[in-house]
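>>> pasting the sequence and the predicted coordinates here, then a few questions.
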Amino acid sequence: MKVIITGGTGYIGSHTAMEMLGANYEVVLIDNFSNSYPWVAERIATLSGKQVLMEEVDLTDADALDVCLARHNDAAAIIHFAALKAVGESVEMPLRYYRNNLIGLLNLLSSMIRHSIPDLVFSSSCTVYGAAENMPIDETAPLLAPLSPYGATKRMAEEMITDLASANRIRAVLLRYFNPVGAHHSAQLGELPIGVPNNLMPFITQTAIGKRKKLMVFGNDYPTPDGTPIRDYIHVTDLAIAHLKALQRMLNGKQKKSSEVFNLGTGKGYSVLEMIHAFEKHNGVKVPYEITDRRPGDIAEIWADTSLANKELRWHAQYGLKEMVTTAWQWEQHLQTEENLNPEEVSK
Ligand code: WQD
């Protein structure tokens with residue numbers, strides 16, 4: 001059975017491709033390589049021992065996308081990761097985010113209907129909850145004002161998909177990720193931030209290996225036990241497995257309605273300082289850091305109520321903090337041995 005993965009050479013897309021191939025699905029990766037590299041497709045094929053079909057397509061090019069989906073109209077489903085996801089960048093360049101994330105999705109939805117590809121798994125985010133206050137947060141929580149244009153695109157995307165599913169034109173599962181971290185156990189796949197990382201974990205690993213002088217901790221005056229913000233970090237492999245479970249739920253006709261939403265987290269929150277200390281403890285390396293001002297738009301705490309995914313997807317996060325920080329470190333160390341793959345050197 002064939003599955004199309006948009007954004008398939010990206011961080012979560014590549015790890016999901018590994019799980020789909022491991023479950024004997026035929027995988028077609030679609031990517032425009034705006035935030036990833038073609039060699040990731042070869043790496044997935046090598047690690048899985050399976051053939052991987054690669055299509056270089058930009059989802060905002062409706063004609064090229066339609067030709068691609070016509071070629072793969074035997075696909076049972078699409079897992080849609082392809083989107084821009086840097087919160088700060090979205091504040092500076094909102095139109096780029098609306099165009100890429102929403103026009104891209106609009107083209108994908110139109111084309112999948114035209115070519116009768118029935119099922120969609122969508123990469124959403126806990127950011128759609130906005131500045132929520134009652135933790136742990138479940139899927140029935142009201143969606144408050146978006147915290148960034150990036151968050152607004154995720155929320156609008158959910159509405160577009162839900163409306164189309166309500167019209168019985170597609171079936172959909174919307175997966176709201178909390179904070180993806182870590183890397184493939186082989187240390188051959190992982191997060192590949194281009195330029196200065198936005199997210200915490202790659203900044204920690206690049207500081208630990210000496211690529212960055214020190215980590216800036218964005219504020220320690222939050223109403224949390226140690227003053228630093230709390231997040232629900234989840235291992236990328238746990239996230240990838242949840243996509244497989246969500247897809248199988250649809251393909252096996254187990255959905256209770258045409259579109260369903262699930263939180264994907266561990267249900268446990270850790271603060272920034274707890275992440276730094278866990279990283280240092282489990283890897284035996286120091287992470288020099290300095291407390292600086294808060295980052296605009298950050299909220300004090302958010303962590304998931306995962307009981308719906310646990311029950312309906314029969315899925316639980318298996319990896320704990322130790323695997324999150326050790327696999328992230330092993331990947332950063334591996335990257336140093338493949339300097340030709342190091343994003344700093346790779347010319348875009
Ligand atoms: C985590 C914590 C920072 C960097 C965002 C998106 C979410 C998802 C993940 C895409 C915060 C602190 C960070 C640093 C720091 N996006 N931090 N120094 O903001 O929770 O979530 O990224 O998949 O949709 O909203 O993640 O990793 O940026 O920050 O102190 O150099 O680490 O203040 O408290 P965030 P993050």
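All right, it came through fine. Numbering: from 1, shown residues only.
>>> which secondary structure element of the chain has the lowest mean pLDDT?
helix 87-92 (a mean of 94; mean pLDDT, DSSP states H and E).
>>> run through the neighbouring helices and strands of that one.
helix 94-97, helix 149-166 (3 or more CB pairs under 8 Å, 6 or more residues apart in numbering; DSSP states H and E). (C-beta placed from N, C-alpha, C; glycine too.)
>>> which bits of the stretch 151-300 of the chain sit near the ligand?
The stretch 151-300 of the chain comes close to the ligand at residues 179, 198-200, 203, 215-218, 229, 231, 272, 295, 298, as judged by CB under 6 Å from any ligand atom.
>>> how about low-confidence regions in the stretch 201-348 of the chain?
339-348 (pLDDT under 70).
>>> for it, which segments count as helices?
Secondary structure of the stretch 201-348 of the chain by DSSP state H, counting those that start in this stretch: the helices cover 236-251, 272-283, 307-312, 321-337.
>>> distance from stretch 151-158 to the middle of the chain?
Centroid separation between stretch 151-158 and its chain, computed with CA atoms, centre = their mean, to the nearest Å, is 14 Å.
>>> list the buried ones in stretch 103-113?
For stretch 103-113, burial by neighbour count (16 or more other CB atoms under 10 Å) applies to G104, L105, N107, L108, L109, S111, M112.
>>> span of stretch 131-145 from start to end?
Stretch 131-145 has its terminal residues 7 Å apart, counting by CA to CA, to the nearest Å.
>>> list the buried residues for that stretch?
Residues of stretch 131-145 classed as buried by neighbour count (16+ other CB under 10 Å): A132, M135, P136, I137, E139, A141.
>>> out of these, which are close to the ligand?
Counting by CB under 6 Å from any ligand atom, no member of the buried residues of stretch 131-145 reaches the ligand.
>>> returning to that earlier point: nearest to F81, of the helices and strands packed on helix 87-92?
Each of those was scored for nearness to F81 using CB to CB, and the closest is helix 149-166 (11.8 Å).
>>> outside of that closest one, which residues touch it?
Residues from elsewhere that reach helix 149-166 (CB atoms under 8 Å, 6 or more residues apart in numbering): 83-87, 89-91, 94, 97-98, 101-102, 105-106, 109, 113, 120, 122, 124-125, 127-128, 130, 143, 146, 170-172, 174, 258-259, 261.
>>> enumerate the residues of the stretch 1-150 of the chain near the ligand.
Proximity of the stretch 1-150 of the chain to the ligand, by CB under 6 Å from any ligand atom, involves residues K85, V87, S125, T127.
>>> quick check: closest non-adjacent residue to the last one.
Which is T127. G151 (3.9 Å; CB to CB, 6 or more residues apart in numbering).
>>> same check on the first one?
The shortest distance from K85 to any residue other than its chain neighbours is 6.2 Å, reached at Y150 (CB to CB, 6+ apart).
>>> what's the mean pLDDT across stretch 174-190?
Taken as a whole, stretch 174-190 has a mean pLDDT of 98.
>>> between the two ends of it, what distance do you get?
Taking CA to CA, stretch 174-190 runs 23 Å from one end to the other.
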